[in-house]
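**Student:** structure here, sequence nowhere to be found:
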């Protein structure tokens, strides 16, 4: 039996079903991500796990114990809120020790555990600051430390990095992953940022309109999107119908599927094994840093192509080019 | 930017218009005789001496204090937890509280007084209790607004959830997290309520009358006897109100600085602004 098992969770708000009999499970020490666009039900699912929202039906078990009807404080689950929800009247130290004090741990234990957390999250020197004196990234780390110090069986993180600017976000993503590995903490991260999910998860559950659209490791999901929604949501897949594809590749008429997905970086300028030739007019060139993104057009159909950035770009706008695409990179979706 | 001259003139006239009656009252309360001259003929503390040696005034003052403080305290104890509970756990009920707060403005004092007397005359209830009940209703809007705004500012619902996930009971979360953060707001509401009740005249006069003489009733009685005495009472009243206003300003402004600076959380700091300045 899995460490955390969620069975048939259903939730309805005002006649609108936000979660349709969700089933998912994961193991101890995993960092799993609930990924999806806003309104897909991922935050609701997280709140149900924490016991802050009541499900209409379904069960949740943690470490072999049924926690479906337990109060939040009895679940041994921690949560980091999107708004951090730090207590404004308490210092960093008081914020982090709050939970242990509520648990009536003795003061020496509290002191030791809190000191360790402050070290782990790199908050040394900020112990006596109030939340409003800290930067967003520091507040985020206090929120994390405050939950981690309770040694919860599972730590839930509700879009924990979404309020931070890109650079700090990247840094904190890595820090979060490092801490998670060091403590072997089971974590559930909710995010709408697919790059973030890819970067730090062991496993990803993609949610769409209250249903799980696909689950798997970042690699599996990226390489083999299971349906049109995932292909459209993950990466920058070109999603084409068979008819659309026919404008680039002749004789696809006898192919079995009706929708195909192609990763933009799968195209090469050199022929490599059994490849299709894709020819089109380059009508847009955009520089994205380490890659350059081209849009090629053929008979009013466009395709996105990513090439690693070269010092001397060989491709120009309004130039007709042929790219090569390996057979296995055309992924049948439906 | 240079403002035109007439701006100063207009403001000057308004200020004079507002300040002359106060100044007149102030001077009159210190005047020995002030009948045929532009300025008083002499100054003395006679009226204040007489006022403070009059046990009727002292008693009236204590009664006013008791009835206003008592009602305010009851209001804080009942309305604050109620509003917190409604906003945090039953936001759908908030519209009923809003309806109640509007109602207190909709009913004129006279009608309220007559209505209260007719409704409660059959019960053997102390008239003072009836007035306190009416006062309680009068301060609901102030207490409600203060509590609600404080809760909104700190995002009370999220803080409660965070505390509960960290293992606090609802009561523990309320006591350790919500209360310390809303106290400045509650303090302002309470002071506001107190000063409004302290100056109330209509209800207490109509329902209880001179049997329970408050400062306002005493003042009313004095106006027909001695203008000097009445002026002295008014000045005392203004001094008290000025003190309360100063407290309110201090409470609200230190709440603002709290966002930038780092004062301690206890509300004692509200009265210790210097320490705060050193810290920040």
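**Tutor:** That came in fine, so what should we check first? A quick note: this is a predicted structure, and the numbers were derived from the prediction, not measured.

**Student:** make it CA atoms for all contacts and neighbour counts henceforth
**Tutor:** Noted.

**Student:** any idea which residue of chain B lies closest to chain A?
**Tutor:** residue B:167 (4.3 Å; CA to the nearest CA).

**Student:** name the residue of chain A that lies nearest to chain B.
**Tutor:** Sorted by distance to chain B under CA to the nearest CA, the residues of chain A start with residue A:73, at 4.3 Å.

**Student:** in this structure that residue contacts residue B:168, no?
**Tutor:** Yes. Counting by CA atoms under 8 Å, residue B:168 is a contact partner of residue A:73 at 6.9 Å.

**Student:** comparing these two, which residue is more hemmed in?
**Tutor:** More neighbours sit around residue B:168 than around the other of residue A:73 and residue B:168, counting by other CA atoms under 10 Å in any protein chain shown; the figures are 25 against 21.

**Student:** one step back: how about the residue of chain B closest to chain A, secondary structure?
**Tutor:** coil (DSSP: H, G, I helix; E, B strand; the rest coil).

**Student:** so what's it closest to, chain neighbours aside?
**Tutor:** In space, and not counting its chain neighbours, residue B:167 is closest to residue A:73: 4.3 Å by CA to CA, 6 or more residues apart in numbering or on different chains.

**Student:** residues in contact with that neighbour?
**Tutor:** Residue A:73 makes contacts with B:164, B:165, B:166, B:167, B:168, B:169, as judged by CA atoms under 8 Å, 6 or more residues apart in numbering or on different chains.

**Student:** got the end-to-end distance for stretch B:161-173?
**Tutor:** According to CA to CA, to the nearest Å, stretch B:161-173 extends 9 Å from its N-terminal end residue to its C-terminal end residue.

**Student:** cool, stretch B:196-204 as well?
**Tutor:** When the termini of stretch B:196-204 are compared using CA to CA, they are 13 Å apart.

**Student:** for stretch B:151-168, same thing?
**Tutor:** Distance across stretch B:151-168, first residue to last, is 19 Å (CA to CA).

**Student:** mind listing what's buried along it?
**Tutor:** In terms of neighbour count (16 or more other CA atoms under 10 Å in any protein chain shown), stretch B:151-168 has its buried residues at B:151, B:154, B:156-168.

**Student:** max pairwise distance over the residues you listed: which two?
**Tutor:** By the measure CA to CA, the buried residues of stretch B:151-168 have their two most distant members at B:151 and B:167, which lie 21.1 Å apart.

**Student:** looking at this, residue B:88 is in a helix?
**Tutor:** Yes. Assessed with three-state DSSP, residue B:88 lies in a helix.

**Student:** residues touching it, list them.
**Tutor:** By CA under 8 Å, 6+ apart, the contact set of residue B:88 is B:156, B:157.

**Student:** how about 7 Å then?
**Tutor:** Residues near residue B:88 by CA atoms under 7 Å, 6 or more residues apart in numbering or on different chains: residue B:157.

**Student:** what does residue B:228 give?
**Tutor:** By CA under 7 Å, 6+ apart, the contact list for residue B:228 reads B:28, B:29, B:47.

**Student:** can you give me the neighbour number for the last one?
**Tutor:** The reference is to residue B:47. Neighbour count of residue B:47, defined by other CA under 10 Å: 22.

**Student:** repeat that for the second one.
**Tutor:** In terms of burial, residue B:29 registers 24 neighbours under the definition other CA under 10 Å.

**Student:** what does residue A:267 give?
**Tutor:** 23.

**Student:** do the same with residue A:274
**Tutor:** For residue A:274, the tally of surrounding residues (other CA under 10 Å) stands at 11.

**Student:** quick one: it and residue A:176, what's the gap?
**Tutor:** Applying CA to CA, the value for residue A:274 to residue A:176 is 42 Å.

**Student:** same thing with residue A:229?
**Tutor:** Looking at residue A:229 against residue A:176, where the rule is CA to CA, the gap reads 28 Å.

**Student:** kindly report the same for residue A:261.
**Tutor:** Distance from residue A:261 to residue A:176, counting by CA to CA: 32 Å.

**Student:** now swap in residue A:307 and tell me
**Tutor:** In terms of CA to CA, residue A:307 sits 31 Å off from residue A:176.
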